[in-house]
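# Please find the sequence and the predicted model below.
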Amino acid sequence: MTFSKFCRGLMVAAFFSQASFARITLTLPPEKEGGPDSQAIALPVDTEGHYVTVGIVGADASKARASNLAFSLIAQDPQSRCTILKGPIVQKFPALGSSKKLKPGSALYWKPNKSGAICRVVSWETSFHERQLPLSFLRVHCSAALPKPGQPLYNEAGDLVAIAHQPTPDFGNGVYALPIEAIKRNLTDYRTNKSLRRCWLGLHLDHLNPIPAVEGIRPESPSAKVGLKKGDILISLGEWSITTYSSAINAFYYLLPGQETNLRVLRGTQLLDLKITPLAHPGYSAVPKTGE
Amino acid sequence: MNNSDQIQKLVSLKRYETPPDGYFEDFLEEFQQRQRQELLKKSSLSLLSERVGTWFRELGSIKLVAGAGVAYVTLTIGFVVYSSISGPEVEQNIAPASYKRDSAEPLPAVDFEDGSNFRSRQDTKREF
Amino acid sequence: MFREEKTDPDHELVRRAQDGNTRAFDDLVVKYSPKLYGMVYHMTANKEDTHDLLQDIFAKAYRSLKRFRGKSTFYTWIYSISTNMTLNFLKKRKRRSALSLDNVDSGIQNNDALVDLGHASNPRHQSNINELQKKLNEALQALSEDHRAVVTMFDIQGVPHAEISRILGVTEGTVRSRLFYAHKQLQGHLQEYVR
């Protein structure tokens, strides 16, 4: 081992020695020259040097760094801005919990031991400026300073349930937060397929219809193969309950290409349980040139 | 007059931005030409013969040959379905790939004909 | 929601066009292409794109004509098609033009209609028509597509609020608030012209 590598190892060890879980503040240069740097938090998610953060509009995630430590951009999901990076290997990382039980008023903390700043869940959001969001986000109010994008948020039990996204622009001192299930989904997709891909079912919904009823089926699609029919009402998909158009969009986000998923529908008065396997949507993949 | 009214007045000046004389006559001609070309590509032979009949009646001297073979309907968004095992060729690019038209294998058309849901509109449906 | 009983001035033309009379559809093209041209051009600010898009709009309208049930007037129906196709086109145009993370569809984005009110305004107070036209176009293009759409429809084309709300599928309140916000944005860009 060379002397410089030894020093670097010492630096990394010193860097990570303080926190129980490493939580690195990244500096991201702007995409366009002359703009300000941005900061985000990188959260380690395994012992292979993978980190997760949230991409920032106008910032170049491919040049993220923390002090003298360089990170490489591995994959980025443009819909959620969930960003996977490769960085120094650590031995400790937080277990990923579940956001399913979060509701308005639920407390969230910046640290698992409930110390530090407290935030409160305001709501689950499905639209932004009247535009449908590709998945449901949390709206969170914060007591003082806003958490940086990527900041992990823990529930009362100390489980990691969300990561901070971008500030809410309209009212209140708060941020949007990405539910931890979105991180899990993207990590699984990346680990399985070395890419982040959207899925295709071949069914049509009408956003003006408050009921999530199937309006059309593409022939020879996964929906056609399982016998889905026009008029079927979507009830649940995988672990996600579907009651509205927005909740259907949210459920679709969590599909993984090639992975069989339970789809429950209501046909007239009959409840049907179908096993549907979405295909990868070929118009959508996000893997950088310098992948692993 | 308050600022908002002034802004409205300024912006409404844009209605005087119009294309040159003769533009819309040429536009119609081009549209008619496109329609004739599209007819030749239509998927169903019966639709073709129905429309060809109309064209003969309407246009008289222009002869259209009843097409040979059946062509797939060109879709507004055409893309190939990849097998879930092999997966798509991933474009090594940080940006998400754009939807690409595929002229080789368009997807079959979706039949939306169904009068049962009067709330539904053709232009508000999305595919997932 | 119930069927609207509306007298459509184009009822007869539409009926004939639905029966396969292409001349009747041609008359509809002649009648509405100027209005739709205006709508698309003010949204895209590009003549070539406008021309191509307008051809596509009428082609789509022709293909979908049999499904038009007369729940609205033909004009509202084709105007709606035109708006949706233009908005979709603009979103795709944004996707193609940049590799940056924020140029994607259906994601949380910073509001791209934010106006830098500290922007140095033109020191010249005397401006000719070309300058004003350029400034107007820039100001409009700086708005988000949704805000640009309501300004185009209401301020430029004189479409009433109720009609805009039907075309865009939003409430009238939303239309009014978007207009209010858009006017505020435009004020920032057009300060020197507003006395």
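Ah, there it is.

# so how far is A:F137 from A:R120?
Per Cβ to Cβ, to the nearest Å, A:R120 is found 15 Å from A:F137. Quick note: C-beta positions are derived from backbone N, CA and C, even for glycine.

# Just name the shakiest helix or strand of chain B by mean pLDDT.
helix B:45-59 (a mean of 50; mean pLDDT, DSSP states H and E).

# Name the next helix or strand following that one along the chain.
Per DSSP states H and E, helix B:45-59 leads on to strand B:125-127 as the next helix or strand towards the C-terminus.

# For that next one, name the packing helices and strands.
When contacts are defined as 3 or more Cβ pairs under 8 Å, 6 or more residues apart in numbering or on different chains; DSSP states H and E, strand B:125-127 packs onto strand A:203-206.

# and the strand it packs on, anywhere near chain C?
No - using Cβ under 8 Å from any Cβ of the partner chain, strand A:203-206 stays clear of chain C, with a minimum separation of 10.2 Å.

# quick one: that strand to chain centroid distance?
24 Å (Cα atoms, centre = their mean, to the nearest Å).

# which strands and helices sit next to it?
Helices and strands touching strand A:203-206, as assessed by 3+ Cβ pairs under 8 Å, 6+ apart, comprise strand A:216-217, helix A:245-253, strand B:125-127.

# Looking at these, spot the one closest to A:Q132.
helix A:245-253 (6.0 Å; Cβ to Cβ).

# any idea of the mean pLDDT for that closest one?
Average pLDDT, helix A:245-253: 94.

# and what of stretch A:101-120?
Mean pLDDT, stretch A:101-120: 89.

# Please apply the same query to stretch A:65-75.
84.

# And C:S144, how far from chain A?
Distance, C:S144 to chain A, by Cβ to the nearest Cβ, to the nearest Å: 8 Å.

# Dihedrals phi and psi, that residue?
With angles defined as degrees, to the nearest 10, C:S144 sits at phi -70, psi 160.

# quick revisit: just want to know which of A:R120 and A:F137 has more residues nearby.
A:F137 (26 against 15; other Cβ atoms under 10 Å in any protein chain shown).

# quick one: that one and A:H165 touch, right?
Yes - using Cβ atoms under 8 Å, A:F137 is in contact with A:H165, at 6.4 Å.

# Mind picking out the helix or strand in chain C with the poorest mean pLDDT?
helix C:129-142 (a mean of 79).

# How about the helix or strand just after that one and chain B, any contact?
Downstream of helix C:129-142, the first helix or strand assigned by DSSP H and E is helix C:145-150. No - using Cβ under 8 Å from any Cβ, helix C:145-150 never reaches chain B; the gap is at least 10.5 Å.

# what helices or strands is helix C:145-150 leaning on?
So helix C:145-150, by 3+ Cβ pairs under 8 Å, 6+ apart, packs with helix C:22-44, helix C:74-97, helix C:161-168, helix C:172-189.

# hey, where'd the helices end up in chain A?
For chain A, the helices defined by DSSP state H cover A:3-17, A:180-193, A:222-225, A:245-253.

# lowest-confidence stretch among the ones you listed?
The stretch with the lowest mean pLDDT among the helices of chain A is helix A:3-17, at a mean of 48.

# Buried residues in the longest helix seen in chain B, which are they?
Across chain B, the longest stretch assigned as helix under DSSP H is helix B:23-41. Residues B:24, B:27-28, B:31-32, B:35, B:39 are the ones in helix B:23-41 that count as buried (16 or more other Cβ atoms under 10 Å in any protein chain shown).

# what is the mean pLDDT for that helix?
Rounded mean pLDDT across helix B:23-41 is 83.
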